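A.B. asks: give me a 3D structure for the following:
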Amino acid sequence: MIIGVYDSGLGGLSVWRELRRRIGAHLIYFGDTAHLPYGDKSPEQLEEYFRASLAFFQSRGCHAVVVACNTTSSVVLPRLRHELPLPVVGMIEGAVQAAAAVSRGCLGVLATRATAASGIYQQALQEGLPGTKVLMQAAPELVPLVEAGQVAGAGVKQVLARYLEPLLDGGIDSVLLGCTHYSFLLEPIKELVGAGVQVIDPAPAVAHKVEASWAVPSLQDGTTEFWVSAQPQKFKATAERILGELLPTVKLAKLRGEDR
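C.D. replies: Next up is the predicted model:
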């Protein structure tokens, strides 16, 4: 089985890392680095990018796709799910399941502007955790930090503290990372919120859902192809820095209707 993993850039590597631990399928990772960040894009733009990326996954022989991007999962999948050419797992259901396991009634959500504005998380969390108070916080500066490889240090903590302060003032007992990029900021977030607040990374729950949804034969090579829509060398260097491991060659993908 061949499974595509889709994100705007580096963030989906947090989900890829969990998938690799759980399943032996051949994975094809695609980061749409030509268009990041996704958080400030219109729904129409996000839909266009996703359709082109799906066509790429089909051209590579993928049998299914993991949308390891909360913005696309929130804004695009509800619009297109009925017409998708491949089975797809997004981020929202797994994130809600992960939150339900730990939240005690007051949940904060860090997300991109587009995800926060979509209302999808608010709706899904109210359905999955009835009576829970949900505080949304858009954090537009975080994706550029991760894409630049800045995942620790005083400057990163300063930016995080500004976004976390209103959530902490609201009395949250847990904070959900509503963007896959934020998983790479897990440690400084934990330090800032303190031991009394649970930090919820949905990546393991999403990987578990993929494992449960698609039967993957045990005799698989477990390898990954890495593709991006722009600057493959930069992607590779930054990914290796934040993952702490070497990656194979990252290739440049020419998407449908675009010449790069």
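
A.B. asks: can you get me a residue count around L246?
C.D. replies: 8 (other Cβ atoms under 10 Å). Heads up, the C-betas are built off the backbone N, CA and C, glycines and all.

A.B. asks: that one touches E240, doesn't it?
C.D. replies: Yes: contact status for L246 versus E240: in contact at 5.8 Å, counting by Cβ atoms under 8 Å.

A.B. asks: low-confidence regions, the stretch 1-150 of the chain specifically.
C.D. replies: The stretch 1-150 of the chain contains no residues with pLDDT under 70.

A.B. asks: now do the helices in it.
C.D. replies: 13-22, 43-59, 70-75, 77-80, 92-100, 113-118, 120-128, 142-147 (DSSP state H, counting those that start in this stretch).

A.B. asks: so which of the ones you listed is the most packed in?
C.D. replies: Scoring the helices of the stretch 1-150 of the chain by mean neighbour count under mean count of other Cβ atoms under 10 Å gives helix 70-75 as the most buried, with a mean of 29.

A.B. asks: and that helix, how far from the chain's centre?
C.D. replies: Centroid separation for helix 70-75 versus its chain: 9 Å, with Cα atoms, centre = their mean, to the nearest Å.

A.B. asks: for it, packing partners?
C.D. replies: Under the contact definition 3 or more Cβ pairs under 8 Å, 6 or more residues apart in numbering; DSSP states H and E, helix 70-75 sits against helix 43-59, helix 92-100, helix 113-118, helix 120-128.

A.B. asks: follow-up on the earlier one: rebuild the helices of the stretch 1-150 of the chain as CSV, extending it with distance to G170.
C.D. replies: Formatted as CSV, those follow (distance: least, Cβ to Cβ, whole Å):
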stretch, distance to G170
helix 13-22, 26
helix 43-59, 28
helix 70-75, 21
helix 77-80, 27
helix 92-100, 16
helix 113-118, 15
helix 120-128, 14
helix 142-147, 19
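
A.B. asks: next, count neighbours for the nearest residue to P232 once chain neighbours are set aside.
C.D. replies: Among residues not flanking P232 along the chain, V250 sits closest, at 4.1 Å (Cβ to Cβ, 6 or more residues apart in numbering). Close neighbours of V250, defined as other Cβ under 10 Å, add up to 22.

A.B. asks: which residues does V250 contact?
C.D. replies: Residues near V250 by Cβ atoms under 8 Å, 6 or more residues apart in numbering: 226-228, 232-233, 235-236, 239.

A.B. asks: and for V88?
C.D. replies: V88 neighbours (Cβ under 8 Å, 6+ apart): 64-67, 77, 81.

A.B. asks: what of P85?
C.D. replies: By Cβ under 8 Å, 6+ apart, P85 lies in contact with 54, 58.

A.B. asks: distance of it from E225?
C.D. replies: Distance from P85 to E225, counting by Cβ to Cβ, to the nearest Å: 20 Å.

A.B. asks: swap in G149?
C.D. replies: 22 Å.

A.B. asks: from D40, how far out is the residue nearest in space to the middle of the chain?
C.D. replies: Taking Cα atoms, centre = their mean, the centroid of the chain lies closest to T180, which sits 2.9 Å from it. Distance of T180 to D40, computed by Cβ to Cβ: 17 Å.
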